[in-house]
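Trainee: Give the three-dimensional model of this entry:
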Amino acid sequence: MTDDELRQLEGARRRTLWALACLRPGDPTASELLAILDDLDDRERNDYSCSGKPLELIEVRNSVSVMRHNSGIDIILEQTIPQPWRERFLQASIGSTRVTDGPYAADWDKFLTEWEREMQQLQNHRVAKAANS
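Mentor: You can find the predicted model right below:
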């Protein structure tokens, strides 16, 4: 997958997750959003079937380097975030404040926590959809 394709895929995922967050599990309008996310997951799986499986969240959390910036703020070294997680973080962080040397470590931690919450919300929607089928 090219960088542009990954950017588009993760941008679509981010917009869809934000739209899904506004709905309660079981809302019939969630079906279209779930279909979009399923399609994005399929596209990602097909791409990584050749290049290996993307890292799980815990592996990503442990692989990213944190350093103390001379401003006194902890930052992360963006280049240590493996793809597709780097693009996911960038898409979720559009407009966030950062220093030129890297994003704030607190923003990275917030992203990871929010990702877990979003994945639980997504699972709740999928369970509700299956129960209503």
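Trainee: so Ile75 sits in a strand?
Mentor: Yes - assessed by DSSP: H, G, I helix; E, B strand; the rest coil, Ile75 belongs to a strand.
Trainee: Just to check, it is in contact with Met67?
Mentor: Yes - under the criterion of Cβ atoms under 8 Å, Ile75 makes contact with Met67 at 6.1 Å. Where C-beta positions appear, they are placed from N, C-alpha and C, glycine not excepted.
Trainee: Quick check: which ranges of this structure have low pLDDT?
Mentor: 48-53 (pLDDT under 70).
Trainee: where along it do the helices fall?
Mentor: Remark: helices assigned in the chain by DSSP state H are 3-21, 30-51, 57-63, 85-92, 105-132.
Trainee: Of the ones you listed, flag the one that's most buried.
Mentor: Mean neighbour count (mean count of other Cβ atoms under 10 Å) peaks for helix 85-92 among the helices of the chain, with a mean of 20.
Trainee: Could you check how many residues crowd around Asp27?
Mentor: The local packing of Asp27 (other Cβ atoms under 10 Å) involves 15 other residues.
Trainee: how much space between it and Ser133?
Mentor: 14 Å (Cβ to Cβ, to the nearest Å).
Trainee: Same check on Ile76?
Mentor: 41 Å.
Trainee: more crowded one of these two?
Mentor: Ile76 (22 against 6).
Trainee: out of everything not next to it in sequence, what's closest to the residue most central in space within the chain?
Mentor: In the chain, the residue lying closest to the centroid (Cα atoms, centre = their mean) is Arg88, at 4.0 Å. Leaving aside its sequence neighbours, Arg88 sits nearest to Glu10 (Cβ to Cβ, 6 or more residues apart in numbering; 5.3 Å).
Trainee: Please verify my assumption that the one you found contacts Arg86.
Mentor: No - if you go by Cβ under 8 Å, Glu10 and Arg86 don't touch, sitting 9.3 Å apart.
Trainee: Centre of the chain to stretch 109-125, how far?
Mentor: 9 Å (Cα atoms, centre = their mean, to the nearest Å).
Trainee: Can you tell me what sits against that stretch?
Mentor: 17, 20-21, 23, 25-26, 30, 33-34, 37, 57, 60-61, 88-89, 92-93 (Cβ atoms under 8 Å, 6 or more residues apart in numbering).
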